[in-house]
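**Student:** Sequence and predicted structure are below.
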Amino acid sequence: MGRLAGVLLALRGRRSRQNRGNIMNAPLREPTFRESVDIMFNRAVKFMDLSPGLEEKIRVCNSTYTVRFGVRLRGEIKTFTGYRSVHSEHMEPVKGGIRFAANVHQDEVEALAALMTFKCALVEVPFGGSKGGLRIDPREWEEHEMELITRRFAYELAKRDLINPSQNVPAPDMGTGEREMAWIVDQYRRMNTTDINAAACVTGKPLNAGGIAGRVEATGRGVQYSLREFFRHPDDMKAAGLDGTLEGKRVIVQGLGNVGYHAAKFLSEEDGCRIVGVIERDGAIINDKGIPIEFLKTHIGATGGVKGFPRGTYVEDGHKVLEEDCDILIPAALESVINLGNAERIKAPLIVEAANGPVTAGADEILRARGKVIMPDLYVNAGGVTVSYFEWVKNLSHIRFGRMQRRQEEAQNALIVNEIERILRDSGATMGISDAFKSEYVRGAGELELVRSGLDDTMRTAYQSMREVWHGRKDVEDLRIAAYIVSIGRVAASYRSKGL
Ligand code: NAD
């Protein structure tokens, strides 16, 4: 209760400026997602020297547009509610995914938009923060109905420039993917027939609709790169009570959607992690020997859930599996899943926030006090927006990455290899360069290689910037606050340069 009181005091502190009378009577309760983001922001700005005015300007969400629109479906008019929040326009366009979920609401969208501002700043992609949501359960509708609904939502946003290559560029999020982005770009094109940069109005598109290689996997790939970077630093591992490498580490993942599936797949297939638990909507599968992710994904595709999967034990109360013993816990589904109700029982020493906001501010405080290390969402899942940035640049430059250089690079590499082979031959060496090395070395980088390289570099550089604050300042005790300090500092610098 002591820690909870601390969180609530932080919450009250923020609100007291707005409404001191009411807040002191507020019940002790879990902060909402939006309040959690504010509490974390408040913790960070305490370490910074910002004027109160600038602090408030950065904290608040600039605007939220709510739209209610009707679509004729199944013989009647159905009304849907959608949102697009713009948190900060210190850089434009603003950027952030569109979520399709039955419980989407304004506060959630605004919290997600704020996270986008800080995420973009942390990984140095030149966008402000935004987010969208449509209150809908996509599983209740046929594909052609989803297309009508998505196009109508896109129309409503595009006509107010809330979808626009130079002002507001959405992307996929929970419940949306390449399919929806393809409908959105097509809708924008129909409304803006002469806009030569129309393809840049949204990212996460399929390759044949102006997408970029590696975008679908990008967020999960970024989770993998963030963990690889963490495991390059013995001091950081020590802080979490871990050592060694990723090889053999036991991992539990919640959510086998776009982010969780790719993260689990890459970590198990490429880094030797053992995925000992997967939590989904209908329960969880546990197997200490490791769960074959591709096989489980196929099972979910065929049956709609994890139940009945033959290579592990089914646990009906999947949520409980968050509390199982493992080295790395990766919540990759929903917000607020680690909260005041279970934080005391979380065993994993390292929590990797692949989802947005999976740990509430109250749980964050408890986990920190218990010595857990949390890699924060604004860093861990930034791979998506990073590759979205590459896609936007590709769309504006109208040329695939690597198209001009690839063969020239190959020719240069072949020159070197041929020369070395000539020298070896002339000097009578009995050994030559192996064919495997030759073809690997000579090959020029295509778009996918360049995207992965750019993403890897981004995740490493961002980690270094957080780490410098985490270890460099005695008063900063966790990676999340370090990340916020870096991001808020950059947003503040951008506002100052505009004269604010
Ligand atoms: P998704 O819709 O592809 O996958 C979500 C998964 O979570 C699904 O498999 C779903 O069945 C599962 N799920 C839903 N409710 C659950 C529950 N109660 N318990 C366990 N599992 C449940 O979504 P996504 O794109 O993978 O997004 C997941 C998270 O990652 C979200 O927080 C999102 O904001 C964040 N994120 C996504 C991206 C991206 O590029 N897609 C980028 C950054 C952050």
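**Tutor:** Arrived safely, thanks for sending. Numbers count the residues shown, from 1 in each chain.
**Student:** from here on, contacts and neighbour counts on C-alpha atoms
**Tutor:** Noted.
**Student:** the strands in the stretch 151-300 of the chain, which residues?
**Tutor:** 168-172, 250-254, 274-280, 283-286 (DSSP state E, counting those that start in this stretch).
**Student:** In the stretch 301-450 of the chain, which residue sits closest to the ligand?
**Tutor:** Scanning the stretch 301-450 of the chain for the residue nearest the ligand gives residue 355, at 3.5 Å (criterion: Cα to the nearest ligand atom).
**Student:** Just put the strands of the stretch 151-300 of the chain in JSON lines and tack on distance to the ligand and mean pLDDT.
**Tutor:** Below are the strands of the stretch 151-300 of the chain laid out as JSON lines (distance: least, Cα to the nearest ligand atom, whole Å; pLDDT from 0 to 100):
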{"stretch": "strand 168-172", "distance to the ligand": "5", "mean pLDDT": "98"}
{"stretch": "strand 250-254", "distance to the ligand": "5", "mean pLDDT": "98"}
{"stretch": "strand 274-280", "distance to the ligand": "4", "mean pLDDT": "98"}
{"stretch": "strand 283-286", "distance to the ligand": "7", "mean pLDDT": "98"}
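**Student:** Can I get those in JSON lines including distance to residue 327?
**Tutor:** Putting those into JSON lines (distance: least, Cα to Cα, whole Å) gives the following:
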{"stretch": "strand 168-172", "distance to residue 327": "30"}
{"stretch": "strand 250-254", "distance to residue 327": "5"}
{"stretch": "strand 274-280", "distance to residue 327": "10"}
{"stretch": "strand 283-286", "distance to residue 327": "14"}
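**Student:** got TSV for the ones you listed, with distance to residue 135 and mean neighbour count too?
**Tutor:** TSV is the format used below for those (distance: least, Cα to Cα, whole Å; neighbours: other Cα atoms under 10 Å):
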stretch	distance to residue 135	mean neighbour count
strand 168-172	15	27
strand 250-254	22	26
strand 274-280	21	26
strand 283-286	24	23
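**Student:** Quick check: the closest residue to residue 178 other than its chain neighbours vs residue 184, distance?
**Tutor:** Using Cα to Cα, 6 or more residues apart in numbering and skipping the chain neighbours, the partner closest in space to residue 178 is residue 205 (4.9 Å). Counting by Cα to Cα, to the nearest Å, the separation of residue 205 from residue 184 is 9 Å.
**Student:** ditto for residue 285
**Tutor:** From residue 285 to residue 184 the distance is 36 Å (Cα to Cα).
**Student:** Count the neighbours of the residue of the stretch 101-250 of the chain found nearest the ligand for me.
**Tutor:** Nearest residue of the stretch 101-250 of the chain to the ligand: residue 174, at 3.4 Å (Cα to the nearest ligand atom). Residues within reach of residue 174, counting by other Cα atoms under 10 Å, total 17.
**Student:** got it, and residue 52?
**Tutor:** By other Cα under 10 Å, neighbour count at residue 52 equals 10.
**Student:** distance of it from the ligand?
**Tutor:** Per Cα to the nearest ligand atom, to the nearest Å, residue 52 is found 30 Å from the ligand.
**Student:** per-residue confidence for that residue?
**Tutor:** On pLDDT, residue 52 comes in at 90.
**Student:** Which residues of the stretch 251-400 of the chain lie near the ligand?
**Tutor:** When proximity is defined as Cα under 6 Å from any ligand atom, the stretch 251-400 of the chain approaches the ligand at 254-260, 279-281, 332-334, 354-356, 381, 384.
**Student:** Is it correct that residue 316 is in contact with residue 280?
**Tutor:** No: using Cα atoms under 8 Å, residue 316 is not in contact with residue 280; the gap is 10.0 Å.
**Student:** In the protein, what helix or strand scores lowest on average pLDDT?
**Tutor:** helix 2-23 (a mean of 43; mean pLDDT, DSSP states H and E).
**Student:** Who are the packing partners of the helix or strand just after that one?
**Tutor:** Following helix 2-23 in sequence order, the next helix or strand is helix 33-45 (DSSP states H and E). The contact analysis (3 or more Cα pairs under 8 Å, 6 or more residues apart in numbering; DSSP states H and E) places helix 33-45 against helix 2-23, helix 52-59, helix 106-122, helix 361-369, helix 479-497.
**Student:** Tell me which helix or strand residue 70 sits in.
**Tutor:** strand 63-73.
**Student:** Return the set of buried residues in the helix or strand just after that strand.
**Tutor:** The helix or strand immediately downstream of strand 63-73 is strand 76-88, counting by DSSP H and E. Buried residues in strand 76-88, counted by 16 or more other Cα atoms under 10 Å: 80, 81, 82, 83, 84, 85, 86, 87, 88.
**Student:** What backbone torsions are found at the nearest residue to the third one once chain neighbours are set aside?
**Tutor:** Of all residues not flanking residue 82 in the chain, residue 134 sits nearest, at 4.2 Å (Cα to Cα, 6+ apart). Dihedral pair for residue 134: phi -130, psi 130, per degrees, to the nearest 10.
**Student:** Quick check: the gap between residue 134 and residue 103.
**Tutor:** 9 Å.
**Student:** Compare these two (neighbour count), which wins?
**Tutor:** Comparing residue 134 with residue 103 by other Cα under 10 Å, the one with more neighbours is residue 134, at 27 against 11.
**Student:** I figured that one hits residue 106, correct?
**Tutor:** No: with contact defined as Cα under 8 Å, residue 134 does not count as touching residue 106 (10.1 Å).
**Student:** Spell out which residues are contacts of both of the two.
**Tutor:** residue 83 (Cα atoms under 8 Å, 6 or more residues apart in numbering).
**Student:** Give me the neighbour count for residue 409.
**Tutor:** If we define neighbours as other Cα under 10 Å, then residue 409 has 16 of them.
**Student:** what about the helices in the stretch 351-500 of the chain?
**Tutor:** Here the stretch 351-500 of the chain has its helices, by DSSP state H, counting those that start in this stretch, at 361-369, 377-380, 383-397, 406-426, 435-442, 447-472, 479-497.
**Student:** oh, I was asking about the stretch 101-250 of the chain
**Tutor:** Taking DSSP H, counting those that start in this stretch, the helices of the stretch 101-250 of the chain run over residues 106-122, 143-158, 178-191, 218-230, 234-239.
**Student:** Which of those has the highest mean neighbour count?
**Tutor:** helix 106-122 (a mean of 26; mean count of other Cα atoms under 10 Å).
**Student:** could you measure residue 84 against residue 201, distance?
**Tutor:** Counting by Cα to Cα, the gap from residue 84 to residue 201 is 15 Å.
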